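>>> sequence below, structure please.
(chains A and B)
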There are 2 protein chains.
Amino acid sequence: MAEEEKNVETKEESGDAANTVFVGKKGVMSYVLAVVTQFNKGAKEVNIKARGKTISRAVDVAEIIKNKFINEVKVKNISIQTEELKNADGTTSKVSAIDIVLSK
Amino acid sequence: MAEEEKNVETKEESGDAANTVFVGKKGVMSYVLAVVTQFNKGAKEVNIKARGKTISRAVDVAEIIKNKFINEVKVKNISIQTEELKNADGTTSKVSAIDIVLSK
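Alright, predicted model coming up:
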């Protein structure tokens, strides 16, 4: 389980992570800070992505930014998907994912 | 914590729960069945609601219904909010919430 999560994060970091914050197992405020930093660097939109149990944390991140940090930020779109993850033993697992687009 | 969760469920059950499934701590399939039952009874739309850590389970429920049970079901809208819960000691806690609207 821990290994699966690690794979996920690595994959995201090597992807086109411009203006995307991938929410994992760290504290909520780490991701809030990451998103606020993107906006302060001039981003007009930031995607917050999460998979599995961290989905609820992604929603917390979006709500905290909207309500406490940047009032002008709006939730532009929210989409949910099912993604397939390859396990270390070659099998695949399905996991739900969320993509929250915040815009300024 | 357990008491807080209980309050939440009671509140929902006494509200206008028509076509609404509130996702709590039971297994995912309990809620999938509840939603499928609503559609089979003729509902055109079903709201799936959740708060806090059960938000990720609500996303699982929506994805499982869409991908495995009723192909014609689409995600019509997803919204997120912050809700205030009253604790037993009179203090309030803020908690994120999600509302996923499925339509047939």
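
>>> which bits of chain A sit near chain B?
When proximity is defined as Cβ under 8 Å from any Cβ of the partner chain, chain A approaches chain B at A:52-56, A:59-60, A:62-63, A:67, A:75, A:78-82, A:96, A:98, A:100. No exception for glycine: its C-beta is placed from N, CA and C like everyone else's.

>>> could you turn the buried ones of those residues into a ChimeraX selection?
Buried residues among those (16 or more other Cβ atoms under 10 Å in any protein chain shown), as a ChimeraX selection:
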select /A:52,53,54,55,56,59,60,62,63,75,78,80,81,82,96,98,100
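
>>> among the residues of chain A next to chain B, which ones are in helices?
A:55, A:56, A:59, A:60, A:62, A:63 (DSSP state H).

>>> make JSON lines from those residues and add pLDDT to it.
Below are these laid out as JSON lines (pLDDT from 0 to 100):
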{"residue": "A:55", "pLDDT": "97"}
{"residue": "A:56", "pLDDT": "97"}
{"residue": "A:59", "pLDDT": "97"}
{"residue": "A:60", "pLDDT": "97"}
{"residue": "A:62", "pLDDT": "97"}
{"residue": "A:63", "pLDDT": "96"}
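
>>> identify the farthest-apart pair in those.
Greatest spacing in those, by Cβ to Cβ: A:55 and A:63 (13.0 Å).

>>> now residue A:94: closest residue in space that isn't a chain neighbour?
residue A:82 (5.3 Å; Cβ to Cβ, 6 or more residues apart in numbering or on different chains).

>>> same check, this time on residue A:54
Using Cβ to Cβ, 6+ apart and skipping residues adjacent in sequence, the residue nearest residue A:54 is residue A:23, 5.0 Å away.

>>> burial measure for that neighbour, as a count.
By the measure other Cβ atoms under 10 Å in any protein chain shown, the count of residues near residue A:23 is 27.

>>> what's the answer for residue A:104, then?
Residue A:104 has 14 nearby residues by other Cβ under 10 Å.

>>> just to check, residue A:77 is in contact with residue A:98?
No. The pair residue A:77 / residue A:98 is not scored as a contact, 10.9 Å apart, by Cβ atoms under 8 Å.

>>> ok, now which ones touch the residue nearest to residue A:54?
A:31, A:48, A:49, A:50, A:54, A:57, A:58, A:61 (Cβ atoms under 8 Å, 6 or more residues apart in numbering or on different chains).
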